[in-house]
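> Based on what follows, work out the 3D shape:
(2 chains)
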There are 2 protein chains.
Amino acid sequence: MMAKGGFFGKILRVNLSEKKVTTSALPDEFIKDYLGGRGVGARILYEENPPRVDPYSPENRFILFTSPIMGTSAPCCVKYSLITKSPLSGTILMSLAGGFYGPVFKRSGYDGIVISGKAPEPVYLKIVDQQVEMLDARGLWGKDTVETQEILQSKLGREARVACIGPAGENLVRYASIFSESHALGRGGGGAVMGSKNLKAIIVQGTQKVPLADEGAFEGYIKNTILPKFRASEKAKKFGAYGTPGVLAVVNTQGILPTRNYQQGTFEGAAAIDGEAVKQAAIRHASCFRCPVACRSYTRVETGEYAGSETEGPEYETLFSLGSNLGNSSLPSIIAANKLCTRYGLDTISTGNVIGFVMECFERGILSLKETGGMELRFGNHQVLGPMIQKIAFREGWGDILAEGVKRAAAKWGRGAQDYAIEVKGLEMSGYDPRGAMGMAIEYATAPRGGCHQRGLIVQETLGVPPLVDRFSQEGKGALVKSKQDEVAVQDALGFCVFVSRGDPMGLEEFAEMFSRATGIPATVADLLKAGERIFNIERWYNLKEGFTGKDDYLPKRFLEQPLTDGPSKGRVVDLEKLLGDYYQQRGWNREGEIKPEKLEELGLKDLAK
Amino acid sequence: MMAKGGFFGKILRVNLSEKKVTTSALPDEFIKDYLGGRGVGARILYEENPPRVDPYSPENRFILFTSPIMGTSAPCCVKYSLITKSPLSGTILMSLAGGFYGPVFKRSGYDGIVISGKAPEPVYLKIVDQQVEMLDARGLWGKDTVETQEILQSKLGREARVACIGPAGENLVRYASIFSESHALGRGGGGAVMGSKNLKAIIVQGTQKVPLADEGAFEGYIKNTILPKFRASEKAKKFGAYGTPGVLAVVNTQGILPTRNYQQGTFEGAAAIDGEAVKQAAIRHASCFRCPVACRSYTRVETGEYAGSETEGPEYETLFSLGSNLGNSSLPSIIAANKLCTRYGLDTISTGNVIGFVMECFERGILSLKETGGMELRFGNHQVLGPMIQKIAFREGWGDILAEGVKRAAAKWGRGAQDYAIEVKGLEMSGYDPRGAMGMAIEYATAPRGGCHQRGLIVQETLGVPPLVDRFSQEGKGALVKSKQDEVAVQDALGFCVFVSRGDPMGLEEFAEMFSRATGIPATVADLLKAGERIFNIERWYNLKEGFTGKDDYLPKRFLEQPLTDGPSKGRVVDLEKLLGDYYQQRGWNREGEIKPEKLEELGLKDLAK
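Numbers count the residues shown, from 1 in each chain, chains lettered A, B, ... in the order given. Down below sits the predicted model:
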């Protein structure tokens, strides 16, 4: 069944309509060009998804993919990729999640799965050491993500791992996520794609050894080079102390902490929801697979109206989206809301943005009490969080509109609501106000899946990491964003966690060494960066093919026209046209944001693009 | 049902023979005198266990107890206590375990449970928010500890926690432990006591708030004093990096790493099984409830004959007992053996000691190949570990003798085997050779449960922690051990983890503040130390009452007569008589090791003793 030779690229293919399971393999050439997960998935989606396919069509491919290094002894290689067409933005959607699912999947003997079709009734997939079964999930339908995982793991034991959806995915909420433990394949509605296929869950278990081209050299490199780098890294130690919540105080100090639906850049209640506050609420700490940093924390509310709520996290993006962005300084309410989002299977960034958008509309008189069903949707009113999340996940009442995301809701309501919908390409934006970080502005505008901060994440600009760059300056930001986006594409495709992938303790050089030893395909840093550029461009190409143009590289009017009135980024707006002009040039794209033929040629994409 | 007033002391009482469940409460006076867990349990055992009761008699009480501070927001207050009569040593047995079980138990609304009787058929107890059920466990009998926990948690969810036994406890192995996750109530055979009662498991779940006498003052103290101390503590950070395996390199350097059944004090293979080696095998990290240190690691073997073995730990005591003590430098074999001990429910210290004892007997010709069933039981032969552990847990063949512990096995075999049985009061000794640490020698001889290092653990002597004391000196060691034993009794009774309880980041002063605010019973450091002394003495009194005398405060002949021939402790032996003379005097005990009447009077134990 499997092609011979390669150390990576064994694909499980499942057609849910036909209940058909097959396998295929990728040629080494393909792995050299696309590295793993994100890259391989983009290429497959590009080849196999019918043009302009409806994301909820059975024909939309749903692809999970690991990497050549995942499941080995390399630390922090945990991020597996989901690639599909997004029901929220209509773009290519690539999501990553850490934890244990990716490494366990890899050990099943498969490197990735491509799912097409739609099951007539709810099903789940069970993959154990290359044995695949499609099983009845009618009894699981309606269960939340925690219940679903517990039920399925009770059959195979806890070394098996489950990726599943909750009610939000079943109800096709356009920003439903997929959860394994509390690790979400988030943003853009991958959970709804699973829901549209009647696919409740995929449970995997594996005991196969991950094959390595040169095991001795690989293991020696991990032991003698990589692990000592981790031990010596102060950054790794510091990050372990606070995790992502440590970000909040930093961005608040810079005046780019989105507050009250991005109306302000600083939050007066920041201290109540920052890394320190989260640490005080933490009841335990944990790590992903083979991660010595252990940045994950679990929190619990002990007293007050949210007593008893327990959750993993909240991570920074949730603290901003359900906290400052709602004018909400009640950490207990954020913990309780995070728990609900996890159980129902919702993306917290989009959920918080939707509620923030609605609050601004309500305060501005665009929505009446009648329309909100009597809810006083004012900033700071955290009591509405639970009821709102419930309405969204189950599409109850006007939750049916909210489940469509801010762009569609604003279009439906009109009355000027569009001005307060903070999104790019339909994807709600994340926790950095671009008015105080010009590189981030380009990133939001050009991220393949829409308004996302993660595909370049210039920490030198937003998090004060050396070498510092002037965050307000436009100078050189095009080149900077391009280079970081290409670098991130490599890190994503190989499955490494962003928090240890910027040169400290690991970076491109180490990735090249590990990749070469694992696959037997020699690769330099330059080779990897070229592959990263190729990956970013094939994603762009996918979107262009679907009808997106440079006009879709927009930012909400707020960031272009309304200067911030508070904090250290006061008075700033984004000159997006200028920034994009520079960026397109650096990318080898034309002024309409299309990839020039010579760039396609250079990246070996010309034939593909025909 | 419950007595009013007290903030601690609600006892659940279960008689398994009569299927009777009642409750009772402790008076505040009692809590002032015995603080919590270890102390309260000792007092109850003393009062309720019939004199000279057989540990396997239905009348032997099986007591689990929490503390007034457990389950609150105080960090690292996780160690709940088991108190019963030991089937291995015949002494009082007090075991502690961390993790989550204690805090969750506390939140059930009960502070402790006293179990008597014996169920006619296997049962398990289910305790949910003060609702108690005794349920059929016949289907669980024979399951290992991992399976048992998964099955029971699948009923109540993972926030519920299970303490259970494996086959070793069911088969009355005298050093069977009780497991919750991988946290063991170890040493001395508590698991066998559960087995003798046909009690397979206790699952608890709780959502009750832990009552505090002055909640505001307590929470403020945690937030403003305790948590900043943790953040500032370099020790807490360092300990998190390696956990207990970091100890191995230190004690090897001191020449007190037990090697080949305590024949040597240094191990030439130490580097292969030290903290660094364990860190390289680690696949994830985790913490106990509300612990920012997160010293727990999980390891996995990727290649070779033990590939696929995964376990929590191994902790230092296991690295010594199944490693250096067996002349075994194969970390993979230790990981595999640790996994087996966890699943079967065995104490790793005793298991390793039993195997080391057998290896020495085999190498010295006391045991023949015929007696070992053809097994080449030589030091360094790690292939025998799996089969030996299997034989012990199921009492297969000559495993039936090994399951009795080294003291009984040596007595049975005779032929001089006693000289190689490394135990005190029947309890196998732990990972510090007393010839290089004179305080530790006193501790082993006088620990209430037998040859244990934990009831005083003078880190200044063994681990190089300041203020350093000369480990070879006998001077002042009696006073030092007494004071540390009393301090540890406080820490144990309140449930704090030893790794954060020696003044950095917390110590007696902080414990006094927390205890006072939690219980409303004002206590100074002196009050706590007096209670600690009382606890240590009531345990002694229990043992004396059972027939133990100063003659039982022995050490194996090896440590008294055979100087170490290797390493930095070379040439040393223990002058136990001199050490004990000093110690007894410091304790206010007579030369026979009996508590003098005036000491009983001073501690308020005189009436009790009648």
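> Spit out the contact partners of the residue in the stretch 501-610 of chain A that chain B sits nearest to.
When scored by CB to the nearest CB, the stretch 501-610 of chain A has A:Ala518 as its residue closest to chain B, at 13.4 Å. For glycine as for every other residue, the C-beta is placed from the backbone atoms N, C-alpha and C. A:Ala518 makes contact with A:Phe7, A:Phe8, A:Pro68, A:Ile69, A:Thr72, A:Leu212, A:Ala213, A:Phe218, according to CB atoms under 8 Å, 6 or more residues apart in numbering or on different chains.
> Kindly indicate which of the residues you listed lies nearest chain B.
So of these, ranked by how close each gets to chain B (CB to the nearest CB), first place is A:Thr72, at 7.7 Å.
> Where does the closest one sit: helix, strand or coil?
Going by DSSP: H, G, I helix; E, B strand; the rest coil, the secondary structure assigned to A:Thr72 is coil.
> helix or strand for the closest residue in space to A:Gly399 that isn't next to it in sequence, which one?
Spatial nearest neighbour of A:Gly399, chain neighbours left out: A:Lys391 (2.9 Å); criterion: CB to CB, 6 or more residues apart in numbering or on different chains. Per DSSP states H and E: A:Lys391 is located in helix A:385-394.
> chain center to that helix: distance?
22 Å (CA atoms, centre = their mean, to the nearest Å).
> just checking, what packs against the helix or strand just after it?
Downstream of helix A:385-394, the first helix or strand assigned by DSSP H and E is helix A:399-402. Under the contact criterion of 3 or more CB pairs under 8 Å, 6 or more residues apart in numbering or on different chains; DSSP states H and E, helix A:399-402 touches helix A:385-394, helix A:406-413.
> What's the mean pLDDT across helix A:399-402?
Mean pLDDT, computed over helix A:399-402, is 97.
> can you tell me which helix or strand the residue of the stretch 501-610 of chain A closest to chain B belongs to?
With DSSP H and E as criterion, A:Ala518 is part of helix A:508-519.
> Pull out the buried positions in the helix or strand following that helix.
Proceeding N to C from helix A:508-519, the next assigned helix or strand is helix A:525-545, under DSSP H and E. Buried residues in helix A:525-545, counted by 16 or more other CB atoms under 10 Å in any protein chain shown: A:525, A:527-544.
> List the contacts of the one residue in chain A that gets nearest to chain B.
Closest contact between chain A and chain B, by CB to the nearest CB, is at A:Ser154 (3.6 Å). Contacts of A:Ser154 were listed using CB under 8 Å, 6+ apart, and they are B:Glu150, B:Ile151, B:Ser154.
> if we go to 7 Å?
B:Glu150, B:Ser154 (CB atoms under 7 Å, 6 or more residues apart in numbering or on different chains).
> Now name the helix or strand holding it.
Assigned by DSSP H and E, A:Ser154 falls in helix A:145-156.
> quick revisit: turn the helices and strands packed on helix A:399-402 into TSV, including distance to A:Gln491 and mean neighbour count.
Below are the helices and strands packed on helix A:399-402 laid out as TSV (distance: least, CB to CB, whole Å; neighbours: other CB atoms under 10 Å in any protein chain shown):
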stretch	distance to A:Gln491	mean neighbour count
helix A:385-394	32	21
helix A:406-413	29	19
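> A:Val40 is nearest to which of these?
Proximity to A:Val40 (CB to CB) singles out helix A:406-413 among the helices and strands packed on helix A:399-402, at 29.8 Å.
> from memory A:Ile92 sits against A:Ile44, does it?
No. Using CB atoms under 7 Å, A:Ile92 and A:Ile44 do not qualify as a contacting pair, with a distance of 11.2 Å.
> So between the two, which is more surrounded?
A:Ile92 (26 against 21; other CB atoms under 10 Å in any protein chain shown).
> So what pairs up with that one in the strands?
Here A:Ile92 shows beta-bridge partners A:Lys85, assigned using DSSP bridges.
> which residues touch it?
So A:Ile92 contacts A:Ala42, A:Leu45, A:Ile83, A:Lys85, A:Pro448, A:Arg449, A:Glu539, A:Tyr542, A:Asn543 (CB under 7 Å, 6+ apart).
> and what of A:Ala201?
A:Tyr124, A:Ala137, A:Leu140, A:Thr148, A:Leu152, A:Val162, A:Ala163, A:Cys164.
> Could you tell me how many residues sit around the nearest residue to A:Glu48 once chain neighbours are set aside?
Of all residues not flanking A:Glu48 in the chain, A:Arg61 sits nearest, at 5.3 Å (CB to CB, 6+ apart). When neighbours are defined as other CB under 10 Å, A:Arg61 has 22 of them.
> do you know how far A:Arg61 is from A:Ser24?
Shown here: A:Arg61 relative to A:Ser24, a distance of 13 Å by CB to CB, to the nearest Å.
> What is the neighbour count of A:Gly157?
A:Gly157: 11 surrounding residues under other CB under 10 Å.
> likewise A:Glu133?
Neighbours of A:Glu133 (other CB under 10 Å): 12.
> what does the helix or strand where it lies rub up against?
Using DSSP H and E, A:Glu133 sits in strand A:131-136. Strand A:131-136 is contacted from outside by A:Leu12, A:Lys19, A:Val21, A:Val123, A:Tyr124, A:Leu125, A:Lys126, using CB under 7 Å, 6+ apart.
> and these, which are buried?
A:Leu12, A:Val123, A:Tyr124, A:Leu125, A:Lys126.
> among those residues, which are in strands?
A:Leu12, A:Val123, A:Tyr124, A:Leu125, A:Lys126 (DSSP state E).
> Could you dump the residues you listed into JSON lines with pLDDT added?
Shown next, in JSON lines, are these (pLDDT from 0 to 100):
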{"residue": "A:Leu12", "pLDDT": "98"}
{"residue": "A:Val123", "pLDDT": "98"}
{"residue": "A:Tyr124", "pLDDT": "98"}
{"residue": "A:Leu125", "pLDDT": "98"}
{"residue": "A:Lys126", "pLDDT": "98"}
